[in-house]
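need coordinates for the following:
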Amino acid sequence: MLISKRLQRIAVVGAFDRHNYGDLLFPLIVERSARRRGFVGQVDFFATTSSNMQEYGGVSTKALRELFSSKNGSDTLVVVAGGEVLSATWPVIIRYLCPPLMGKILGRIARVVGFGASAKVLSRFMGVHSVLPFVFSTTDFDPPTAVAYNAVGGSHLGAELDTRVLHAVQGKLQCASYISVRDKETKAILEAMSIDSAKLSPDCAVLLSRIFPIDELTNNASPSLIEACHEFRNGYVCFQSALAHVDGNSELIAKKLLLLSERTSLGVMIFVIGSAPGHLDQVAAAQIVKHIPQSAQVRFTFTKTVQDVMYVIAHSKAYLGTSLHGAITALSYGVPQVGLCPVQVPKLAAFIESWCSTKSSALANYELLVEAAELVLAGPLSELQEACETLANEAEENFDRIFSVH
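Residues are numbered from 1 along each chain as shown. This is a model prediction of the structure:
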């Protein structure tokens, strides 16, 4: 499908202003998907703040307030690019951009004054006409502008919102030009809000292997990282976890990784997917590594860019981690995956349960890490590759619908 020449500008919106792998990926995927469909117009990126994340493989962003203050109109399409944006709140989004102490203070203030009051104050401060950072409709812009949601998530939608705010969100989503969601749970929540038009589509990161082929990853990944990955004679599995899921478990995780390496004769590469507040994978890794003897076939590497992360996962024998987009990247490159801590990371569980019904995909807690890894390593890769191809085609069709909104 070729994009209509009437579309001259695409405004891509999301949480692209922090070092979190999935959030850094979305603008790259949306822009490349538009260019692959013949779009030659302007692409602008908007996040809660102006930022430059290019050193991490991301994009430069303008502040959302600029999108609301600029003239858009009939030649513009606003694309909310993906992620768990439907349930993202102002206090949480801003807290992740602050130093840890300031973030904690902001969170406490929000709990004291209530969600509605804090959302009203923070949205005005940020210059955005919405009680949630990434939920808006065509009429929030002057003149009215088409708004499309790209395979977004909202598994917590409603959990923290009072009735008046939830009603406002419902009204905005009902006035959107197009909505697609990435899991059955979010779709069910929207249907309960009388939003029946939402399409179910896999997260657009399933397209990574088409948009960033292996040769491109090799050309753009850090040379020292590539060298480290090739040090494992029999190959390796890669492991990642956010800090919240490692605290109190670091010794157990280290023992499980050592046991997995011993039983499979594979190395283990511990790496970083998100280093921003709320993730802090690098701190989690440091807690685990201190329990690993130097003689073990377990290594840590700081993966700074999205290209580094993709390279580590794409060249591994399996991905083990708490990151949703780590698991989706593995799926895209035909790598078996184990989603860890599914109870604590519901969006990870929701995606795997919605889309990954293969023997090369599993969910497990740390106690069962070794057994789950051995299970997916034994799964047929042909089945996984077939599933990936099907999901990628569905994601392509979703982009066709998004870009035909205009």
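
helix, strand or coil for A34?
helix (DSSP: H, G, I helix; E, B strand; the rest coil).

that one against D44, yeah?
No. A34 is beyond contact range of D44, at 12.0 Å (criterion: Cβ atoms under 8 Å). C-beta here means a position set from N, CA and C on the backbone, and glycine is covered the same way.

what's the spacing between stretch 68-75 and its chain's center?
Relative to the centre of its chain, stretch 68-75 is centred 27 Å away, using Cα atoms, centre = their mean, to the nearest Å.

show residues contacting it.
6-9, 11, 78, 127-129, 140-143, 145 (Cβ atoms under 8 Å, 6 or more residues apart in numbering).

tell me the two of these that are most distant?
R6 and G127 (28.6 Å; Cβ to Cβ).

which of those two has more neighbours?
G127 (13 against 9; other Cβ atoms under 10 Å).

for that one, grab phi and psi.
phi 70, psi 30 (degrees, to the nearest 10).

equivalent analysis for L200, please.
Main-chain torsions, L200, degrees, to the nearest 10: phi -90, psi 120.

about what we covered before: joint contacts of A34 and D44?
I10.

helices along the stretch 51-200 of the chain, start to end?
Per DSSP state H, counting those that start in this stretch, the stretch 51-200 of the chain carries helices over the ranges 64-69, 90-95, 100-113, 115-126, 163-174, 184-192.

which of those helices comes out lowest on mean pLDDT?
Among the helices of the stretch 51-200 of the chain, helix 100-113 has the lowest mean pLDDT, at a mean of 60.

any idea which element the nearest residue to A296 once chain neighbours are set aside lies in?
Using Cβ to Cβ, 6 or more residues apart in numbering and skipping residues adjacent in sequence, the residue nearest A296 is L258, 5.7 Å away. Using DSSP states H and E, L258 falls within helix 250-264.

can you give the contact residues for that helix?
Counting by Cβ under 8 Å, 6+ apart, 237, 239, 241, 246, 266-268, 270, 284, 287-292, 296-298, 366-367, 369-370, 373-374, 377 sit against helix 250-264.

repeat the analysis, applying 7 Å as the threshold.
237, 239, 246, 267-268, 287-288, 291-292, 296-298, 366, 369-370, 373-374, 377 (Cβ atoms under 7 Å, 6 or more residues apart in numbering).

again, but for stretch 203-214
So stretch 203-214 is contacted by 22, 25, 29, 32, 82, 150-151, 182, 310, 314, 325, 328-329, 331-333, 351, 388, 391-392, 395 (Cβ under 7 Å, 6+ apart).

in ChimeraX, select just the buried ones from those.
Of those, the buried ones go into a single ChimeraX selection, burial set by 16 or more other Cβ atoms under 10 Å:
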select :22,25,29,82,150,151,182,310,314,325,328,329,331,332,333,351,388,391,392,395
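
next step: the contacts of stretch 203-214 restricted to helices.
The members of those that map onto helices under DSSP state H are 22, 25, 29, 32, 310, 314, 325, 328-329, 331-332, 351, 388, 391-392, 395.

widest-spaced pair of those residues?
It's R32 and F351 that sit farthest apart of the ones in helices among the contacts of stretch 203-214, by Cβ to Cβ, at 21.6 Å.

follow-up on the earlier one: can you point out the buried residues in the helix holding L258?
Buried, per 16+ other Cβ under 10 Å, within helix 250-264: S250, I253, A254, K256, L257, L258, L260, S261, T264.

which stretches of the stretch 1-150 of the chain have low pLDDT?
96-120, 125 (pLDDT under 70).

correct me, but G58 touches R18?
No. The pair G58 / R18 is not scored as a contact, 9.2 Å apart, by Cβ atoms under 7 Å.

higher neighbour count, those two?
Remark: of G58 and R18, G58 carries more neighbours, 26 against 23, as counted by other Cβ under 10 Å.

dump the residue contacts of the residue nearest to the more buried one when sequence neighbours are not counted.
Among residues not flanking G58 along the chain, L24 sits closest, at 3.9 Å (Cβ to Cβ, 6+ apart). By Cβ under 7 Å, 6+ apart, L24 lies in contact with F16, M53, Y56, G57, G58, V306.

L375 now?
A362.

what of the one 4 residues further on?
By Cβ under 7 Å, 6+ apart, the contact list for G379 reads P336, T358, K359, S360.

in PyMOL, select just the buried ones from those.
Selection of buried members from these for PyMOL, criterion 16+ other Cβ under 10 Å:
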select buried, resi 336+358+360
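
what's the closest of the contacts of G379 to S155?
Nearest member of these to S155, counting by Cβ to Cβ, is T358, at 22.1 Å.

looks to me like the closest one is in a helix.
No. Per three-state DSSP, T358 lies outside any helix segment and is coil.

okay, it: pLDDT?
Looking at T358, its pLDDT stands at 75.

do I have it right that it meets A387?
Yes. Contact criterion Cβ under 7 Å: T358 and A387 qualify, at 5.2 Å.

can you report how many residues neighbour I179?
Count around I179 with other Cβ under 10 Å applied: 23.

which pLDDT value goes with it?
97.

mind listing what it touches?
By Cβ under 7 Å, 6+ apart, I179 lies in contact with Y149, L173, S197, A198.

tally of neighbours for the third one?
Translated: S197. 12.

distance of the closest residue in space to H245 that isn't next to it in sequence relative to L259?
Nearest-residue entry for H245: C341, 4.6 Å, with adjacent residues in sequence omitted and distances by Cβ to Cβ, 6+ apart. In this view, C341 and L259 are 18 Å apart by Cβ to Cβ, to the nearest Å.
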